[in-house]
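Undergrad: output the structure for:
(chains A and B)
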Amino acid sequence: MNTENTMQDKVKEIVKKYKGDKSALVAILQDVQDEYRYLPKEALLTIHEQMDIPMARVYEVATFYDAFSLTPRGRFIIEVCTGTTCHVQGGMNLLDTFERSLRINCGETTEDGLFSVDRVGCLGCCSIAPVVRVNDTIHPQMTQDEIPRVLRTYMAKRYGR
Amino acid sequence: MVKLVIDGKTVQAEEGKILLTVARENGIEIPTLCSHETLENTGACRLCVVEITKGKRKKIVTSCLYAAEDGIVVDTKSDRVLKVRRFVMQFLMARCPTSDVIRDMAANMGIAPETRFKPSEDGKTCIFCRLCVKACEDVVGVSALGFAFRGVDKALGTPYREPSPACIGCGSCAYICPTRQITMSSTENTRSICGKTFKMKACSVCGRYFAPEEQLAFISKKTGVDLEALSVCSSCR
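TA: So this is what the prediction gives:
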């Protein structure tokens, strides 16, 4: 009950920041996603009530973009590039290794909520292929051997926050 | 007024009038699925394609969106049009193999399914024309329906596939759906639509169940007419 109230307040605050501008829906959803690492149902309902946008429309936008998730995502989102250059340089092998080490499939999140693995089209830095992006950090010229070390670094960071 | 030629016939039309309307007024038939008089056309089904010649150029356009222009020559049955329409029809048949509406339409046009296109196995007959969503939003004014997800996962429904609190059970979506994807079922005093079951209101004069209670409450709220006055069915009014 209490957490729901604070979630409502938090979402109301975000909506207020955009002065209830209906065209800012995507930006508002992005902020909510940043806050909770997914779009909780209560948050979508609050947006619907606060902005006077039909729930069906909010849900349409929330499910349309890959950047939004309706289920909780990991604290660290591992995006393995499988664009042309990274693919040629073995990006798919990196994806395989991440999936195997974390025992999840692409698009899923580990049980402890720490990691999510995704494949992306191109991160726009083909000269340092193959690349992997974890949250906002780019890991250039990745190899499969480096993966355990990278994962350990982020596991250690868990206690940092 | 502008002058244009449709299938060899010179016709006059108001400038800006939609080609499909002009053709139909002149007795020329163009097949459509997603065009409805109460809603704006969106060109979703692509069946209304026609070929227009403007100066030296020819192009294929959707007649439900193209405004009449002076001097254009419209051909609704050229080889190119028939070829495009055949493909569209075959795509629709592959998308909704179980739809009798589409199957009959194709049979009327003499179009057989294209074997290269693998028929969809989801059993749905939705062609994603959005008529139901627009009717729910623009005509009824409740917006209970919408699409969810994208690409191959795109599906019609209420948010989270749960019965929508916004739905008033009016049945507009089922009525307007050209391929009968949305169905409505009734018993004597209930009606079920979009996963929600509504209690029907009995007419205060003849006692016949005639409309969902939630719909009457919505109309009363919207128009300011007393709910009691609305509790009389149309034949007793």
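Undergrad: which residues of the chain fall in helices?
TA: With no chain named, the answer covers chain A. In chain A, the segments counted as helices under DSSP state H are A:2-17, A:25-36, A:41-51, A:55-64, A:84-88, A:91-102, A:147-157.
Undergrad: nope, chain B
TA: Going by DSSP H, chain B shows helices at B:19-25, B:79-95, B:100-109, B:131-134, B:172-176, B:213-223, B:227-230.
Undergrad: take those helices and lay them out in CSV including mean pLDDT and mean neighbour count.
TA: All C-beta spots, glycine's among them, are computed from the backbone N, C-alpha and C. Shown next, in CSV, are the helices of chain B (pLDDT from 0 to 100; neighbours: other CB atoms under 10 Å in any protein chain shown):
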stretch, mean pLDDT, mean neighbour count
helix B:19-25, 95, 19
helix B:79-95, 96, 17
helix B:100-109, 95, 15
helix B:131-134, 96, 23
helix B:172-176, 95, 19
helix B:213-223, 93, 16
helix B:227-230, 89, 13
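Undergrad: for chain A, find the nearest of the ones you listed.
TA: Chain A lies closest to helix B:131-134 among the helices of chain B, at 7.5 Å (CB to the nearest CB).
Undergrad: packing partners for that closest one?
TA: Judged by 3 or more CB pairs under 8 Å, 6 or more residues apart in numbering or on different chains; DSSP states H and E, helix B:131-134 is in contact with helix B:172-176.
Undergrad: now the helix it packs on: how far from the chain's centre is it?
TA: 8 Å (CA atoms, centre = their mean, to the nearest Å).
Undergrad: what does that helix rub up against?
TA: Residues external to helix B:172-176 that are found in contact with it (CB atoms under 8 Å, 6 or more residues apart in numbering or on different chains): B:36, B:39, B:131-133, B:135-136, B:139-140, B:145, B:180, B:182-184, B:193-194.
Undergrad: what of stretch B:6-23?
TA: Residues from elsewhere that reach stretch B:6-23 (CB under 8 Å, 6+ apart): B:1-5, B:25-26, B:28-30, B:32, B:35, B:41, B:48, B:50, B:52, B:61, B:63-70, B:74-77.
Undergrad: kindly recompute the last result at 10 Å.
TA: With contacts defined as CB atoms under 10 Å, 6 or more residues apart in numbering or on different chains, stretch B:6-23 is touched by B:1-5, B:24-30, B:32, B:35, B:37, B:41, B:48, B:50, B:52, B:61-70, B:72-78.
Undergrad: now a ChimeraX select for only the buried ones of the residues you listed.
TA: Here is the ChimeraX command that selects the buried residues among those (16 or more other CB atoms under 10 Å in any protein chain shown):
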select /B:2,4,28,30,32,35,41,48,50,52,61,62,63,64,66,68,69,72,73,74,75,76,78
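Undergrad: returning to what we had before: okay, the helices of chain B in JSON lines with distance to residue B:125 next?
TA: Listed next are the helices of chain B as JSON lines, based on distance: least, CB to CB, whole Å:
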{"stretch": "helix B:19-25", "distance to residue B:125": "23"}
{"stretch": "helix B:79-95", "distance to residue B:125": "8"}
{"stretch": "helix B:100-109", "distance to residue B:125": "7"}
{"stretch": "helix B:131-134", "distance to residue B:125": "12"}
{"stretch": "helix B:172-176", "distance to residue B:125": "12"}
{"stretch": "helix B:213-223", "distance to residue B:125": "25"}
{"stretch": "helix B:227-230", "distance to residue B:125": "34"}
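Undergrad: what residues does chain A put near chain B?
TA: A:41, A:44-45, A:48, A:53-66, A:70 (CB under 10 Å from any CB of the partner chain).
Undergrad: return the members of those classed as buried.
TA: Among these, the ones that count as buried by 16+ other CB under 10 Å are A:44-45, A:48, A:53-64.
Undergrad: which of those sits closest to residue A:157?
TA: Distance to residue A:157 across these (CB to CB) is lowest for residue A:62, with 28.7 Å.
Undergrad: give the contact list for the closest one.
TA: Contact analysis of residue A:62 by CB under 10 Å, 6+ apart lists A:25-26, A:29, A:32-33, A:38-39, A:41, A:43-44, A:47, A:68-70, B:148-149, B:159.
Undergrad: just the buried members of those?
TA: Among these, those buried by neighbour count (16+ other CB under 10 Å) are A:25, A:29, A:32-33, A:38-39, A:43-44, A:47, A:68-69, B:148, B:159.
Undergrad: and the closest residue to residue B:161 other than its chain neighbours, how many residues sit next to it?
TA: Spatial nearest neighbour of residue B:161, chain neighbours left out: residue B:195 (7.3 Å); criterion: CB to CB, 6 or more residues apart in numbering or on different chains. Neighbourhood size, residue B:195 [other CB atoms under 10 Å in any protein chain shown]: 12.
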